[in-house]
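# Quick one, fold the following:
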Amino acid sequence: VPSSGEDVNRGDRTVPYDLPRVDFYHWVLTDIPAGVTELAEAADADGLVPRGKPAGPSAAGVRGINDYTGWFAGDADMGGDYGGYDGPWPPFNDERLHRYRFTVYALDVDTLGLPPRTTGAEALAAISGHVLDQASITVTYALYPAARP
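Have a look, this model is predicted:
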């Protein structure tokens, strides 16, 4: 995502292609039970849920908080804890094509025992040394007609 939100979704300008980018977690779900082999489309959300959803236990695992929690901090209309999944929602005026990477990790432990408000970066740190295997898929998404890779 853009490293600065100054130009994001502003009709009078674009988010420049050369603006540095940072990782952004749209979904944090840990302690997925071994019997869960798939999640139905929109099982955790269908797009961005204003003011978020609670973190904590769910049928599919434990919802951590995604990065919309920090992105909207201080915004009276959107602020809140964004548990589980929200997105994709790239800026409509971004000159760069957004890439979304979904990764599932198989671990050598049944549970990480993390608190519900765990962030994506904290979850990745907690699985260090426990990963047996992983699978990822990367998709691209853009709303701005002239977005380029």
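
# what's the most centrally placed residue in the chain in contact with, if anything?
The residue lying closest to the centre of the chain (Cα atoms, centre = their mean) is H26, at 1.0 Å. With contacts defined as Cβ atoms under 8 Å, 6 or more residues apart in numbering, H26 is in contact with 66-68, 85-88, 100. The C-beta positions use only the backbone N, C-alpha and C, and glycine is treated the same way.

# now I127
105, 107, 112.

# State the distance from it to L97.
I127 is 29 Å from L97, where distance means Cβ to Cβ, to the nearest Å.

# What residues of the host helix or strand of P57 count as buried?
Using DSSP states H and E, P57 maps to strand 56-58. Buried residues in strand 56-58, counted by 16 or more other Cβ atoms under 10 Å: S58.

# what's the burial count for E38?
7 (other Cβ atoms under 10 Å).

# That one: what secondary structure?
Under DSSP: H, G, I helix; E, B strand; the rest coil, E38 falls in the coil class.

# What of A42?
coil.

# roughly how far apart are it and D86?
From A42 to D86 the distance is 12 Å (Cβ to Cβ).

# Can you give me the buried ones in stretch 74-86?
78-86.

# Tabulate those in TSV, adding columns for pLDDT.
As requested, the buried residues of stretch 74-86 are exported to TSV (pLDDT from 0 to 100):
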residue	pLDDT
M78	93
G79	95
G80	95
D81	94
Y82	95
G83	93
G84	88
Y85	90
D86	89
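
# list the contacts for the spatially closest residue to V49 that is not a sequence neighbour?
Excluding the flanking residues, the one nearest V49 by Cβ to Cβ, 6 or more residues apart in numbering is D86, at 5.9 Å. By Cβ under 8 Å, 6+ apart, D86 lies in contact with 26-27, 45, 47-49, 52-53, 66, 68.

# can you rerun that using 10 Å?
25-27, 44-50, 52-53, 66-69, 71-72 (Cβ atoms under 10 Å, 6 or more residues apart in numbering).
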